[in-house]
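Participant: Dropping a prediction and its sequence here:
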Amino acid sequence: MFKNIRNLKTILPLVFVAVPIFILDYVTKVLIQMYIPEGTGYPIIHGFFNLRHDRNSGAAFGILADQRTFLILVTILALIFIFFYYFRFKHSGWMRISLGFLLGGALGNFLDRIVLGEVVDFLQFGIESKRLYWPTFNVADISVCIGAGMLIVYLFRIQSTE
């Protein structure tokens, strides 16, 4: 029994980070699909921030567009990587939390690719007067960026102590 409790405590950081992110990503995408027609937007901060319903058949910035099978395989490999490294870094809460962010984001976009064949994006920032916009993104993308940033910080901290 004590071993199961220890295993549960081991996985809690991953669950407490990944699950809320996955749920938030899913709920926001459902709401966008329900209330904003694809290809249109709703201004939140006029000229700077919009909720805009876009679809992305590729990865970040639309690279590898229409490569659904490849992107699904890459995500499966990423999930294997996350779980493999999660259990190798028992000593670092920072590393485990970063992997939780990566997992939550990866699962959010993975679900879209499996169910819809593409990812729902809806956060759009830019300068409307100049028609300059950052590519539209979603909660899962934010989570992956936070996790990757934390992972980079962790790796630099380890390297600087050696």
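Facilitator: Yes, it's here.
Participant: what ranges do the helices span in the protein?
Facilitator: Secondary structure of the chain (DSSP state H): helices located at 2-35, 68-88, 93-115, 139-161.
Participant: Sort out which residues of the longest one are buried, please.
Facilitator: Along helix 2-35, these residues count as buried under the neighbour rule (16 or more other CB atoms under 10 Å): 13-14, 17-18, 21-22, 24-26, 28-29, 32. From N, CA and C alone the C-beta is placed, and that goes for glycine too.
Participant: do the shortest one as well
Facilitator: Residues of helix 68-88 classed as buried by neighbour count (16+ other CB under 10 Å): 68, 71, 75, 78, 82, 86.
Participant: show me the contacts for residue 52.
Facilitator: Contact analysis of residue 52 by CB atoms under 8 Å, 6 or more residues apart in numbering lists 36, 40-42, 121-124, 136.
Participant: Now do stretch 26-42, average pLDDT.
Facilitator: Averaged over stretch 26-42, pLDDT sits at 97.
Participant: who's in contact with it?
Facilitator: Contacts to stretch 26-42, defined as CB under 8 Å, 6+ apart, come from residues 50-55, 108, 111-112, 120, 122, 124, 138-139.
Participant: next one: stretch 92-112
Facilitator: For stretch 92-112, using CB under 8 Å, 6+ apart, the contacting residues are 13-22, 25-26, 29, 72, 75, 78-79, 82, 85-86, 89, 118-120, 138-151, 153-154.
Participant: one more time with 6 Å
Facilitator: When contacts are defined by CB atoms under 6 Å, 6 or more residues apart in numbering, stretch 92-112 is touched by residues 13-14, 17-18, 21-22, 25, 75, 78, 82, 86, 89, 119-120, 140, 143-144, 146-147, 150-151, 154.
Participant: what's the distance between that stretch and the middle of its chain?
Facilitator: Centre-to-centre, stretch 92-112 and its host chain are 7 Å apart (CA atoms, centre = their mean, to the nearest Å).
Participant: Okay, buried residues for it please.
Facilitator: Residues 95-112 are the ones in stretch 92-112 that count as buried (16+ other CB under 10 Å).
Participant: And the closest residue to residue 144 other than its chain neighbours, how far from residue 149?
Facilitator: Computed as CB to CB, 6 or more residues apart in numbering, the closest residue to residue 144 that is not its neighbour in sequence is residue 105, at 3.6 Å. Between residue 105 and residue 149 the distance is 12 Å, computed by CB to CB, to the nearest Å.
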